[in-house]
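Peer 1: Below: sequence and its predicted model.
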Amino acid sequence: MSIISELTKALPKNSVISGEENTRPFECDGLSVYKQKPLAVTLPSSVDQIKKVLEICKKNNTPVVTRGAGTGLSGGALPLKDSVVLGLSKLTRILSIDPEAQTAIVEPGVRNSAISEAVEEYGLYYAPDPSSQIACTIGGNVAENSGGVHCLKYGLTVQNLEAVKILTIDGEELFFSRQDEGMGLLALMTGSEGLLGVISEITVKLTKKPQVAKLVMAGFDSVRDCANTVAEIIKIGVIPAGLEMMDQFAIEASEAFAQAGYPLGAKALLLCELDGSKDLVKEDLNKVINILSKASSVRVSENEEERLLFWKGRKSAFPAVGRLSPDYYCMDGTIPKRYLADVLEKISSLSAIYELRVANVFHAGDGNLHPLILYDAAQQGELEKAEGFGNDILKLCVDMGGSITGEHGVGIEKLDAMCHQYNSSELEIFHQIKAVFDPHSLLNPGKAVPTLHRCAELGNMHVHNGNLPHPELERF
Amino acid sequence: MSSISEMQHKVRQANKLRITNNDKDSEEEQLNMSSYSGVVEYFPEELVITLKAGTTIDEVNKILSKNNQALAFFTDDSKKTIGSLYATSGAEFSDSVLGVQIINGKGELLNFGGQVMKNVAGYDVSRLLVGSMGRLAIITQISLKILPEKVAVQFHKKPSIKNKESLSREQVEIKLKKVFDPYGVFI
């Protein structure tokens, strides 16, 4: 019996999709330059059904690619040839809400914003807010350790989890909680990109809705002044709920798209959200306004409607920039904040060298850059050029003491860049961690961690103290 | 121990090694980390401090309070070192961890995580090793997220009661120990 008929037999009607045409909607995730149709797509609707899929795939030695809503930006859910996609979008139940303990137990296919909607009546919400939050699933958020615009104050996914249940490839159920004694296995699972297990149930931490939120919008005539203001705000002891920066290109594109009232002509825009009790917000607002002396324009949201309008420009920046170019490539590097201005200048000079335009929109508060490289895939060689530009930006981030990815994950996209961030001994530890949970490498194999061979071939192996790691390996 | 290369040498030579903070009278070979202390880097505007593992909480607090900043986790004994807290704590502590430098059981010096708030490249080893009781690797250096004093206070909750270890967790932990310490040096 073929694996497709085995799966069809084991699962309810309409839970297995196969064939060229039918699997097309699953051929890529949010990073659509990479496409691959799988052998089949399975859409189980219970944990028992997930176990059946895993059992059949294991028996047939077939790789499994777990998928949430497919909104990821690094190709983490890109199907592999001859793999089975394990789509969890049917597991959408909110199993319980405990307003007292501020937790909720949910299935992996629940959408991020559906959690906040469900707990709104208790004055609570789920804090991490990736920009895809209307569509993306909580299971995918855990797998990627997703961020958003409010991480500086409220943390990433990992700080907002109470517990997870994991199914191993052997169908064993593991439960890791914040309250556990011992190693940080809950943290290990978070951001493991579907390589260690299938996340089957999540207990999220809920946050009390702030009494007030105000958004300060400040335009600057110099990028450096704007970047320095970011550091100033932190120095005076204010932790904004969100602290975002946009460059001139992004300001103009967003304004044309969203008419949010952004200061056209400004070289940089700072969005600083302050939230909490009325008194605290008032106090923080005064402090922040006082240090905005170098700003060319300052506006504070008068009401909720205006606050959301100011955000609308920022939140629609990607599609707004996308309108100006046939294609764009979104990067996700992080750097220490003190290098913001330097890195932006360097990116702008790289833009001239590669002859590709770039718009900068980013989470300035936590040093997470999202340069958008504009290119035209229809032009021969332009995608490769965009990727080259992107890789140079990521190397720059690592060289500045940062990381190649702050919240989008490595997936298939940043495997080469991983060779720059980690040496072979560190990568080897990652491979061995995978082998602890998935010895036959059936869960999303080939993603997230590059092979040592790949890095050696690239020739940009990390060299520690002048000693080449693994001198016994051949280099090409 | 006062230098990384000394520590690496000791790991490579030793059969069994216990990582400690004081020289106990013991048959076992020990690695006293208390003298490996001090601030490696501290940028108040980054909300990040990087410490050598032997630094005591008292020392850290003294430095941070000059800038009206504080650690974001609760600790009832400020005489403890940051390394020993790291080895024995749970999620409340690891929420603050951004990166670590370690020496594994082969004596290799490795870095995981970093000094930035967001880093999802590779498995989260810098938080995995929190609570590992010094049995997987020597933690030489730790980078932590810090907060303004008045914000930090609200995070200073006492950690809750811990669950007993489950059988499946025990199995996983045994295997993970072998990943970092294949020769079983650290006891």
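Peer 2: Right, received. Where do you want to start?
Peer 1: use CA for all of it now, contacts and neighbours both
Peer 2: Noted.
Peer 1: By mean pLDDT, point me to the weakest helix or strand of chain B.
Peer 2: One helix or strand of chain B scores below all others by mean pLDDT, DSSP states H and E: helix B:149-152, with a mean of 87.
Peer 1: Going by neighbour count, which residues of that one are buried?
Peer 2: B:149, B:151-152 (16 or more other C-alpha atoms under 10 Å in any protein chain shown).
Peer 1: if you go through the stretch 351-476 of chain A in chain order, where are the strands?
Peer 2: Along the stretch 351-476 of chain A, counting by DSSP state E, counting those that start in this stretch, strands occupy A:358-363, A:368-375.
Peer 1: Which elements pack onto the longest one?
Peer 2: Applying 3 or more C-alpha pairs under 8 Å, 6 or more residues apart in numbering or on different chains; DSSP states H and E, one finds that strand A:368-375 makes contact with helix A:317-322, strand A:327-330, strand A:358-363, helix A:382-399.
Peer 1: Distance to chain A for the buried residues of helix B:149-152 - can I get that in TSV?
Peer 2: As requested, the buried residues of helix B:149-152 are exported to TSV (distance: C-alpha to the nearest C-alpha, whole Å):
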residue	distance to chain A
B:149	8
B:151	8
B:152	10
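Peer 1: Among those, which one sits closest to residue B:115?
Peer 2: residue B:152 (18.8 Å; C-alpha to C-alpha).
Peer 1: Surely that closest one and residue B:70 touch.
Peer 2: Yes. The pair residue B:152 / residue B:70 is scored as a contact, 6.2 Å apart, by C-alpha atoms under 8 Å.
Peer 1: what's the overlap in contacts for those two?
Peer 2: Shared contacts of residue B:152 and residue B:70, defined by C-alpha atoms under 8 Å, 6 or more residues apart in numbering or on different chains, are found at residue B:146.
Peer 1: Over to residue 146: give its phi and psi.
Peer 2: Reading this off chain A. phi -60, psi 150 (degrees, to the nearest 10).
Peer 1: Not quite, go with chain B.
Peer 2: Here residue B:146 shows phi and psi, under degrees, to the nearest 10, equal to phi -120, psi 170.
Peer 1: so how many other residues sit close to it?
Peer 2: As a burial measure, residue B:146 scores 21 neighbours (other C-alpha atoms under 10 Å in any protein chain shown).
Peer 1: can you check residue A:5 too?
Peer 2: Neighbours of residue A:5 (other C-alpha under 10 Å): 11.
Peer 1: next one: phi and psi at it?
Peer 2: Note on residue A:5: its backbone torsions stand at phi -70, psi -30 [degrees, to the nearest 10].
Peer 1: Please apply the same query to residue A:73.
Peer 2: Residue torsions, per degrees, to the nearest 10, at residue A:73 are phi -110, psi 10.
Peer 1: Okay, helices next: where are they in chain B?
Peer 2: B:4-13, B:57-65, B:82-88, B:91-94, B:125-128, B:149-152, B:167-180 (DSSP state H).
Peer 1: Worst mean pLDDT among those helices?
Peer 2: Per-stretch mean pLDDT for those is lowest at helix B:149-152 (a mean of 87).
Peer 1: OK, contacts around the most centrally placed residue in chain A?
Peer 2: Nearest to the mean C-alpha position of chain A, counting by C-alpha atoms, centre = their mean, stands residue A:408 at 2.7 Å. Applying C-alpha under 8 Å, 6+ apart to residue A:408 gives the contacts A:72-74, A:144, A:146, A:332, B:120.
Peer 1: and those residues as CSV, adding distance to residue A:454?
Peer 2: Shown next, in CSV, are those (distance: C-alpha to C-alpha, whole Å):
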residue, distance to residue A:454
A:72, 24
A:73, 22
A:74, 18
A:144, 23
A:146, 27
A:332, 22
B:120, 20
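Peer 1: If you count contacts, what does the least confident helix or strand of chain B end up packed against?
Peer 2: Against helix B:149-152 (3+ C-alpha pairs under 8 Å, 6+ apart) you get strand B:69-71.
Peer 1: that older thread, just the pLDDT for the residue nearest to the centre of chain A.
Peer 2: What the model reports as pLDDT for residue A:408 is 97.
Peer 1: Please apply the same query to residue A:466.
Peer 2: In this model, residue A:466 carries a pLDDT of 42.
Peer 1: go on, the one 5 residues further on?
Peer 2: pLDDT, the model's per-residue confidence, is 47 for residue A:471.
Peer 1: quick one: low-confidence ranges for chain B?
Peer 2: B:1, B:155-165 (pLDDT under 70).
Peer 1: try 90
Peer 2: Chain B contains residues with pLDDT under 90 at B:1-2, B:21-29, B:74-76, B:150-168.
Peer 1: from it, which residue is nearest to chain A?
Peer 2: residue B:128 (4.0 Å; C-alpha to the nearest C-alpha).
Peer 1: what about the nearest residue to that residue once chain neighbours are set aside, neighbour count?
Peer 2: Closest residue in space to residue B:128, ignoring its immediate chain neighbours: residue A:184 at 4.0 Å, by C-alpha to C-alpha, 6 or more residues apart in numbering or on different chains. By other C-alpha under 10 Å, 26 other residues sit near residue A:184.
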